[in-house]
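J.: curious how this folds, go ahead:
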Amino acid sequence: MLMLESLIEKIIFASRWLLAPLYLGLMGALLPILYRFFHSFWHMISHITDMSSGEITLEVLELLDTVLLANLIIIVLFAGYENFVSKIKIAEGAEDRPHWMGHVDYSGLKIKLIGSLVAISVIELLKDFMHEGTFDAKREGWRIGIHMTFVVSGVLFALMDMMADRHKSQR
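T.: You can find the predicted model right below:
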């Protein structure tokens, strides 16, 4: 029976590698984001003389939105891989290793994710409010509601983490 238990545990432990292709897929998801960024950037640069300051602001918000989405993917990629698959040993001695790498646990990952989602959501709201003549109160009401859901969720996640940390320190 002990051999069977050991075999089952080895299989379960090895199953974490089934996540590796998913993380490779996330890396691939950066390619269309990279294309979208440079396409938007080139559009802005090539039409800069014909654009109002409001239109330039909208274009810059689009670039920020794209960068935040790419950052979100990188955070999930690095932290998820290190938390659930394997440590990234090649980066341990690297000079330019991000300071958070290897230190973001599942709880920290949730906070970083919700923070990125809130930032992306607020940029989308800003873009909507800056588009003249396209305001739809019902649509914007829903978007603000969704944004506030992200904000409240982030605050609740942070409070739960604080309470869990306080509980651990009292033990």
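
J.: gap between L34 and T66?
T.: 9 Å (CB to CB, to the nearest Å). Glycine gets a C-beta too; all of them are placed from N, C-alpha and C.

J.: how about I88: what's its closest non-neighbour residue?
T.: With CB to CB, 6 or more residues apart in numbering as the measure, E82 is the residue that lies nearest to I88, at 6.0 Å, once sequence neighbours are left out.

J.: helices or strands up against the stretch of helix or strand F37 belongs to?
T.: Applying DSSP states H and E as the criterion places F37 in helix 20-46. Using 3 or more CB pairs under 8 Å, 6 or more residues apart in numbering; DSSP states H and E, the elements in contact with helix 20-46 are helix 53-84.

J.: so how far is H131 from the nearest residue to I73 once chain neighbours are set aside?
T.: Among residues not flanking I73 along the chain, L26 sits closest, at 5.4 Å (CB to CB, 6+ apart). Counting by CB to CB, the gap from L26 to H131 is 31 Å.

J.: do L31 as well
T.: With CB to CB as the criterion, L31 and H131 are 28 Å apart.

J.: ok, those two, which is more surrounded?
T.: Between L31 and H131, counted using other CB atoms under 10 Å, H131 has the larger neighbour count: 12 against 9.

J.: show me where this protein dips below the pLDDT cut-off.
T.: 100-104, 132-133, 171 (pLDDT under 70).
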